[in-house]
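Asker: Just the structure for this:
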Amino acid sequence: MTVIGFLGLGHMGGPMAANLVRAGHTVTGFDPVPEALAAAASNGVRPAASAAEAAADADVVITMLPSGRHLLAAYRGTGDGDGTLGLIAAARPGTLFVDCSTVDVADARTAAAEAEAAGHRAVDAPVSGGVAGAAAGTLTFMVGAREEVFAQVEPLLSAMGGRIVHCGGAGGGQAAKICNNMVLASSMIAVSEAFVLGERLGLDHEALFDVMSASSAQCWSLTTYCPVPGPVPTSPANNDYRPGFAAALMAKDLGLALNALHATGTVAEIGARAAEVYAGFAENGGAGRDFSAVVEEVRARGGDSRDGNV
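Answerer: Predicted coordinates:
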């Protein structure tokens, strides 16, 4: 049994903390949103009055926060106004810090360096799999850590995920996450464009899906997360695009990818265009919808002239 301090108990963090409790670990959690803290408590998480209190007696501190700014503020104790020590200062020497947020690669490396300088161990471990994966314990973790630290954290992550991939040293997990999501966003836009074109050519959604899913167009955005209702019953398109992964989060991740592209001098015309599309979609009413709802943005840009047989 491991004693864990868990900071950030929202749509992703709450189910992840609950799975750690189910695996037999003692989890003390904190979230500034009272409803999130209460929901976690109903799943066996011990509520703390502050982030520092949650971290004080923990063997492991896990964070699931909105951005690198929030992460660094929580580590340093300079941001969230609870009047307590930052996590690095509050934790016992040698604590294992595991950040599961999706943040800028540079912020991840800074956070790890500051934790290690204070005598702790540090891991960046962003996730893929959305809210459903968090609830089911089937997340994919992309891990940046020293070899010996990865060996220590892998069993713990296995309580929350189905696949744990070591991606290199500090920042490696974040690098893999933004590369993955740049491809995911680009493929979702491409699949959406194909369905909209098919509509205007008189193709039935099911017919086009049957062709593409068995042909060279096959991809996760099509076969698991199809952006139009019908072909994949479990996709958000069949639930009014209620988010498994919100468009605002995709826009954020693509912004991180743009930062990395600029920092490395990498040319990525498709990825940059995907970032532009999702930024516009999020700003114009799509932020709280699933990222697959971008199909409606594609359709609207050319006028909604679907053939009547679709």
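Asker: For the rest of this, base every contact and every neighbour count on C-alpha atoms.
Answerer: Will do.
Asker: For A268, the count of nearby residues, please.
Answerer: A count of nearby residues for A268, using other CA atoms under 10 Å, gives 14.
Asker: Please apply the same query to D204.
Answerer: Counted with other CA under 10 Å, D204 comes out at 16.
Asker: wait, isn't it in contact with L197?
Answerer: No - the pair D204 / L197 is not scored as a contact, 11.0 Å apart, by CA atoms under 8 Å.
Asker: Buried residues of the helix or strand of the chain with the lowest mean pLDDT, list them for me.
Answerer: In the chain, no helix or strand scores lower on mean pLDDT, DSSP states H and E than helix 130-136, which sits at a mean of 91. Neighbour-count burial for helix 130-136 flags G130, V131, G133, A134, A135 (criterion: 16 or more other CA atoms under 10 Å).
Asker: cool, and stretch 157-175?
Answerer: Residues of stretch 157-175 classed as buried: 157-161, 163-164, 166-175 (neighbour count, 16+ other CA under 10 Å).
Asker: Then stretch 192-208?
Answerer: Neighbour-count burial for stretch 192-208, with 16+ other CA under 10 Å as criterion, is recorded at S192, E193, A194, F195, V196, G198, E199, R200, L203, D204, H205.
Asker: what's next to stretch 272-280, contact-wise?
Answerer: Applying CA atoms under 8 Å, 6 or more residues apart in numbering, the contact partners of stretch 272-280 are M182, A185, S186, I189, A247, A248, M250, A251, L254, G255, L258, V294.
Asker: Now the two most distant members of those residues.
Answerer: Across the contacts of stretch 272-280, the longest distance by CA to CA is 19.3 Å; it joins L258 and V294.
Asker: hang on, the earlier thing: same for the least confident helix or strand of the chain, what does it pack against?
Answerer: Packing contacts for helix 130-136, counted by 3 or more CA pairs under 8 Å, 6 or more residues apart in numbering; DSSP states H and E, involve helix 13-22.
Asker: which secondary structure elements does the helix it packs on contact?
Answerer: Packing partners of helix 13-22 (3+ CA pairs under 8 Å, 6+ apart): strand 3-7, strand 26-30, helix 34-42, helix 130-136.
Asker: okay, the ones you listed in JSON lines with distance to A89 next?
Answerer: Listed next are these as JSON lines, based on distance: least, CA to CA, whole Å:
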{"stretch": "strand 3-7", "distance to A89": "14"}
{"stretch": "strand 26-30", "distance to A89": "17"}
{"stretch": "helix 34-42", "distance to A89": "23"}
{"stretch": "helix 130-136", "distance to A89": "29"}
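Asker: just so I know, which of the ones you listed lies nearest R76?
Answerer: Ranking these by their distance to R76 (criterion: CA to CA) puts strand 3-7 first, at 14.0 Å.
Asker: so where do the helices sit in the protein?
Answerer: In the chain, the segments counted as helices under DSSP state H are 13-22, 34-42, 51-56, 68-76, 87-90, 105-117, 130-136, 147-158, 172-200, 205-212, 220-223, 247-264, 269-281, 294-301.
Asker: Show the secondary-structure elements that the fourth one is packed against.
Answerer: Using 3+ CA pairs under 8 Å, 6+ apart, the elements in contact with helix 68-76 are helix 87-90, helix 105-117.
Asker: Indicate which one of the ones you listed is closest to F141.
Answerer: Of these, nearest to F141 by CA to CA is helix 105-117, at 15.0 Å.
Asker: buried ones in that closest one?
Answerer: Buried residues in helix 105-117 (16+ other CA under 10 Å): V105, A106, D107, A108, R109, T110, A111, A112, E114, A115, E116.
Asker: which of those residues lies closest to V60?
Answerer: Distances from V60 to the buried residues of helix 105-117, taken as CA to CA, are shortest for A115 (12.4 Å).
Asker: is it true that P47 touches E35?
Answerer: No - using CA under 8 Å, P47 is not in contact with E35, being 11.5 Å away.
Asker: Those two: which is more packed in?
Answerer: More crowded of P47 and E35, by other CA under 10 Å: P47, with 21 against 12.
Asker: where's that one relative to T234, distance?
Answerer: P47 sits 33 Å away from T234, going by CA to CA, to the nearest Å.
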